[in-house]
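[1] Okay, structure incoming, though there's no sequence with it:
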């Protein structure tokens, strides 16, 4: 059976909130009987997305799911 898990892709400093955040990806690993398949990324998120979306009145960044035009470095 396939395994789904959230993995931390990168930890970085966010200028919007003034602290470190984790950029995470939801990854699906193939079942044991399909070992040659690469893992697939289903979704991406920021560990502080809920707080950012509640604090700021304008869209913040693509990791929060509100502003696809801004990709933080």
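    Received, thanks. Keep in mind that what you see is a predicted model, and the values were worked out from it rather than measured.
[2] Let me know the secondary structure of the residue of the chain most remote from its centre.
    Most distant from the centre of the chain: residue 33, at 28.2 Å, with distances by C-alpha atoms, centre = their mean. At residue 33 the chain is in coil, as set by DSSP: H, G, I helix; E, B strand; the rest coil.
[3] what does the one 4 residues further on give?
    Per three-state DSSP, the local secondary structure of residue 37 is coil.
[4] residue contacts, it?
    residue 30 (C-beta atoms under 8 Å, 6 or more residues apart in numbering). For glycine as for every other residue, the C-beta is placed from the backbone atoms N, C-alpha and C.
[5] Would you list the phi and psi of residue 50?
    With angles defined as degrees, to the nearest 10, residue 50 sits at phi -60, psi -50.
[6] Mind pulling the model confidence for it?
    The model reports residue 50 with a pLDDT of 84.
[7] Same check on the one 4 residues further on?
    At residue 54, the predicted lDDT confidence score is 81.
[8] my guess is it is in a strand, correct?
    No: Residue 54 is assigned helix when assessed by three-state DSSP, not a strand.
[9] List the contacts of the residue farthest from the centre of the chain.
    Residue 33 neighbours (C-beta under 8 Å, 6+ apart): none.
[10] The residue most central in space within the chain: what's it in contact with?
    Residue closest to the average C-alpha location in the chain (C-alpha atoms, centre = their mean): residue 45, at 2.5 Å. Counting by C-beta under 8 Å, 6+ apart, residue 45 touches 6, 23, 24, 26, 63, 65.
[11] Lowest mean pLDDT among the helices and strands, pick that one out for this structure.
    helix 49-55 (a mean of 81; mean pLDDT, DSSP states H and E).
[12] May I see the buried residues of that one?
    49, 52 (16 or more other C-beta atoms under 10 Å).
[13] now stretch 8-17
    14, 16.
[14] Name the residues that touch it?
    19-25, 44, 46, 48, 51-52, 55-56, 60-61, 72-73.
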